[in-house]
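[1] Take this sequence and fold it.
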Amino acid sequence: RVLVFNCVSTWGDKNFVGLAGIEIFDGDGIPVVMKDPVRQVSADPPSINVLPEYEHDPRTADKLFDQVNLTRDDLHVWLAPF
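    Numbering: from 1, shown residues only. Below you'll find the model as predicted:
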């Protein structure tokens with residue numbers, strides 16, 4: 001199965017889009033946990049690492065499903081050019 005999210009606008013910054021997490025629930029209301037988010041999750045663009053001034057920024061798409069959603073910690077969020 002494939003689930004596609006399209007971010008059509010940003011909230012406050014016209015150049016970047018970011019999210020702290022996405023929660024998915026099955027038909028019984030039980031959270032769906034990704035077994036390998038690094039392999040199972042992708043984004044386009046994948047992160048701000050596509051920009052020349054960034055190379056090893058931790059804010060990658062797999063963080064959307066690391067189950068740490070109420071945070072401002074860069075190790076648990078996704079950020080990409082918009």
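
[2] Spit out the contact partners of Leu19.
    Leu19 makes contact with Leu64, Val77, Trp78, according to CB atoms under 8 Å, 6 or more residues apart in numbering. Placement of C-beta: from N, CA and C, glycine included.

[3] ok, now which ones touch Ala80?
    For Ala80, the contacting residues are Phe16, Val17, Gly18, Ala43, Pro45, Pro46, Ser47, Ile48, Val50, Ala61, by CB under 8 Å, 6+ apart.

[4] Skipping adjacent residues, who's closest to the last one in space?
    So the one you mean is Ala61. Ala43 (3.9 Å; CB to CB, 6 or more residues apart in numbering).

[5] Who wins on neighbours among the contacts of Leu19?
    Trp78 (24 neighbours; other CB atoms under 10 Å).

[6] how far away is that one from Pro31?
    For Trp78, the distance to Pro31 equals 18 Å [CB to CB, to the nearest Å].

[7] Going along the chain, name the helices of this protein.
    In the chain, the helices defined using DSSP state H lie at 37-40.

[8] just for it, where's the confidence low?
    For the chain, no stretch is flagged by pLDDT under 70.

[9] could the contacts of Leu19 be laid out in a markdown table, adding distance to Asp57?
    Output for those, formatted as a markdown table (distance: CB to CB, whole Å):
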| residue | distance to Asp57 |
| --- | --- |
| Leu64 | 15 |
| Val77 | 11 |
| Trp78 | 10 |
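
[10] quick one: contacts for His76?
    When contacts are counted by CB under 8 Å, 6+ apart, His76 touches Ala20, Gly21, Lys63, Asp66, Val68, Asn69.

[11] so what's the backbone phi/psi at the fourth one?
    Phi and psi for Asp66, reported as degrees, to the nearest 10, are phi -90, psi 10.

[12] So the nearest residue to it once chain neighbours are set aside versus Ala43, what's the distance?
    Using CB to CB, 6+ apart and skipping residues adjacent in sequence, the residue nearest Asp66 is His76, 5.8 Å away. Relative to Ala43, His76 is positioned 15 Å away (CB to CB).

[13] All the strands of this structure, residue numbers only.
    Taking DSSP state E, the strands of the chain run over residues 16-19, 78-81.

[14] Ser9 is nearest to which of those strands?
    Taking CB to CB, strand 16-19 is the member of these nearest to Ser9, at 8.3 Å.
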